[in-house]
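**Q** Structure of the sequence below:
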Amino acid sequence: MPETVSIDVGASPIQISTGEIAKQADGAVTVQLGETIILVAAVAAANARPGQDFFPLTVDYREKAAAAGRFPGGFFKREGRPTEKEILTCRLTDRPIRPLFPKRWLNEVQVQTILLSADGENDPDIISILGASAALSVSDIPWAGPLGAVRVGRIDGKFVANPTHVQRESSDLDLIYVGNENDMVMYEGAANEISEADFLAALKFGQECCTPMIEAQKELIKKAGKTKREVVVPQVPDEVLSDAKDLAGDRVIPALLTPGKLEREGAWNALKDEIGAALVEKHGEETVNDGVLKEAFYHIQKAAVRSLILDQGKRLDGRGFDALRAISGKVGMLPRTHGSSLFTRGETQALASATLGTQDDGQSFDSYSGGIEEKQFILHYNFPNFSVGETGRITGPGRREIGHGALAERSLEPVIPLDDFPYAIRIVSEITESNGSSSMATVCGGSLALMDAGVPITSPVAGISIGICTEPNDQGQVGRYQLLTDIMGWEDAFCDMDCKIAGTEKGITGFQLDLKLQGISHEIMSETLEQAKSARIDILKEMAKTIGEPRKDLSPYAPRITTIKINPEKIGALIGPGGKNIKRIVEESGCEINIEDDGEVKIYSVSGEGLSIAQAEIEAITAEIEAGKIYRGKVVSVKEFGCFVEVFPGQDGLCHISELANFRVKRTEDIVKIGDEVWVKCIEIDDKGRVKLSRKAAMEQRDKEMEAKDGGDSDSKDDDKSPEDASEE
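**A** As a prediction, the model looks like this:
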């Protein structure tokens, strides 16, 4: 029987329904916000696959064109591979639900979200998280939910829950917050240099919004929830684990404290191989298979790393808990890029390049859930296998790479004056080494590359990751804990948090929290933010030693831009029939030209000569005759009463016979003929737009200018010569 609950958070209520659609899934719900509706279904396999040693959770989110009442674009009328928006929503949905599954439970789980209706106002990413929580909660899948999820904006200093797309344009904060009954579980987003105090206030506002969501899901569980299935977790035989610990003895800690990532991994792998062979020999291959060995050594390694931190006060590389690894930077390494940098922090390194292009080089996204989005700033992050000394399939960017690139992009975007800087900007970050937090290295390297390219950013940006190692208390909550600044790979793997914070000296611009815990308190997060701020300021000081502010000049290989304002009514003339005029100008000048509807014309060129050609051509086509100015024009028609002179293409005026010379002219042909080029002055434009020209006035003005130039000594004047002819004499 269908059941529905309603949640009053934000301007529009949220409705969660179950029992009507997708009834064969283990758990399925529809969630509605405004007229945006999604379907979320969750299914778990009955058993783990034989030999499987990891938790195979798949989260998928897809938008359908029909949801917005449209057809898919392109030749194929079926939705294709996921867009960047869909991939980022998959990650948003995955990250908060993953830590709430039972540890070491290996049954495959799939959570699928389908956008059924899109109103173009309410983003479905938030209700995808909420729907995943509700679907898992009412299912028989073991999961420690429910969770609440809300988008928090700040408009005119006030926090807003689940702002619409239009409201988000006025917000200086875009926070996606996920929490359980008491603590935060995940957050992500960007801000316009928000202070740590204001950010904490936003997190608390998000937690308050989660409370009614969790209560509503509890009500739905009472009405339609299934009994949770029994959890079967594979265990390492006690005798095997005991023998592994005995064989490792006191050699575990020295191996883990080996200096250098690769050397440390080598020492640990050698110890594993030795002990593994002995265990197989003693217990047999049937008892000690690869899965048992992996689980046993994971247990030993994790316990040793955490004991080092919590009991002995040591980190694997000997640093203090709030210490950064060594930092260095270089810029201008790649001569033909418009800006480049190499940022190294410990054994993590990012090679970033910045490219400036025309605004046509920006990216357009046609999202069914949010309309067309134009991106003037793009950041792409790549993580090749060699960065961690491994081999593997070489493919396009995966979900992780797209997610890390998006985090770095939104961390840098608030300091780029996109409204005043008429370029499209692309940063490419190649991770050339990795041992922890390469996304934050990308933020630092990207900031250096932007300054090297001469992009007038308002402030440099740095990013850092803070980890935590915890020990549960008797209530199963966080008891003892230790925060870790600038975490390395193994600290990320064997500890409990990866909190990434990016920003300027003034405040926070980008953030992302991932937990292996089921939640973390706001008090611990307050301490985390202060530790991240201190580290960020130290990194910014180190970056300033490389380059402290944007270069004054752009790279010689970057396009130069000249902006011309024309009468919007002249746009058609500039483009020409079938684009004939603009194509000709582009071909002759080698420039790229953008024409806006308001008459703003941007000329992009790497050649000064080409820029001059394009500018002259555009001005010639679009310029308008102004009273009081002198022009060089061509005689296009001769009449008894005077001649018509074309000053600009398609624009001419009458030079009356009385205005041809400073003496009486009997016949127009005595002075000018068709095709002659003459100097004329516009003496009047009447209320009907008719232009009156004077050759006589142009010559008189020339005479005055000549006298001023020669000090009044010139006595050679020829009224019949054009100003140009006279100047040549």
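**Q** Flag the shaky bits of the stretch 601-729 of the chain, pLDDT-wise.
**A** By pLDDT under 70, the low-scoring segments of the stretch 601-729 of the chain are 710-729.
**Q** Which parts of it are strands?
**A** Counting by DSSP state E, counting those that start in this stretch, the stretch 601-729 of the chain has strands at residues 630-639, 642-648, 651-656, 677-685, 691-694.
**Q** Can I get the first one in PDB? Just the C-alpha atoms.
**A** So the one you mean is strand 630-639. The C-alpha trace of strand 630-639 is given here as PDB (Å, rounded to 0.1, in the frame of the first residue of the first chain):
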ATOM      1  CA  ILE A 630      36.000  65.300 -41.700                       C
ATOM      2  CA  TYR A 631      35.900  62.100 -43.700                       C
ATOM      3  CA  ARG A 632      37.600  60.700 -46.900                       C
ATOM      4  CA  GLY A 633      34.900  59.500 -49.200                       C
ATOM      5  CA  LYS A 634      34.200  58.400 -52.700                       C
ATOM      6  CA  VAL A 635      32.000  60.300 -55.200                       C
ATOM      7  CA  VAL A 636      29.300  57.800 -56.200                       C
ATOM      8  CA  SER A 637      26.900  60.100 -58.100                       C
ATOM      9  CA  VAL A 638      27.200  63.500 -59.800                       C
ATOM     10  CA  LYS A 639      24.200  65.800 -60.200                       C
END
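**Q** quick one: strands adjacent to it?
**A** Strand 630-639 pairs in its sheet with strand 642-648 (antiparallel), strand 677-685 (antiparallel), by DSSP bridges.
**Q** Tell me the first helix or strand C-terminal of the longest helix along the chain.
**A** With secondary structure taken from DSSP state H, the chain has its longest helix at helix 196-224. Using DSSP states H and E, the next helix or strand after helix 196-224 towards the C-terminus is helix 238-248.
**Q** in the next helix or strand after that following helix, what's buried?
**A** Next along the chain after helix 238-248, taking DSSP H and E as the criterion, comes helix 252-256. Buried residues in helix 252-256, counted by 16 or more other CB atoms under 10 Å: 252, 255, 256. (C-beta placed from N, C-alpha, C; glycine too.)
**Q** In a markdown table, list those residues along with pLDDT and distance to residue 270.
**A** What follows is those, written out as a markdown table (pLDDT from 0 to 100; distance: CB to CB, whole Å):
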| residue | pLDDT | distance to residue 270 |
| --- | --- | --- |
| 252 | 92 | 12 |
| 255 | 93 | 8 |
| 256 | 92 | 13 |
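**Q** List just the nearest of those to residue 167.
**A** Ranked by distance to residue 167 (CB to CB), those are led by residue 256 at 50.0 Å.
**Q** The closest one against residue 264, yeah?
**A** Yes - Residue 256 lies in contact with residue 264 (CB atoms under 8 Å); the separation is 6.8 Å.
**Q** overlap in contacts of these two?
**A** Jointly contacting residue 256 and residue 264 under the rule CB atoms under 8 Å, 6 or more residues apart in numbering are 316, 490.
**Q** gap between residue 364 and residue 424?
**A** From residue 364 over to residue 424 the distance is 11 Å, taken as CB to CB, to the nearest Å.
**Q** Of the two, which one has the most company?
**A** More neighbours surround residue 424 than the other of residue 364 and residue 424, with 20 against 8 (other CB atoms under 10 Å).
**Q** now that one, which residues is it bridged with?
**A** Assessed by DSSP bridges, residue 424 has beta-bridge partners residue 357.
**Q** ok, it - contacts?
**A** Contact partners of residue 424, counting by CB under 8 Å, 6+ apart, are 356, 357, 358, 359, 360, 361, 362, 376, 377, 378.
**Q** Can you tell me which helix or strand of the protein has the lowest average pLDDT?
**A** One helix or strand of the chain scores below all others by mean pLDDT, DSSP states H and E: helix 723-728, with a mean of 37.
**Q** circling back: quick check: which of the strands paired with strand 630-639 is buried the most?
**A** Mean neighbours per residue, mean count of other CB atoms under 10 Å, is largest over the strands paired with strand 630-639 for strand 642-648, with a mean of 21.
**Q** Output it as CSV, restricted to C-alpha atoms.
**A** The C-alpha coordinates for strand 642-648 follow below in CSV (Å, rounded to 0.1, in the frame of the first residue of the first chain):
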residue,chain,number,x,y,z
GLY,A,642,26.1,68.7,-56.5
CYS,A,643,27.4,65.2,-55.8
PHE,A,644,26.8,62.3,-53.4
VAL,A,645,29.8,61.1,-51.5
GLU,A,646,29.9,57.7,-49.9
VAL,A,647,31.7,58.1,-46.5
PHE,A,648,31.1,54.6,-45.2
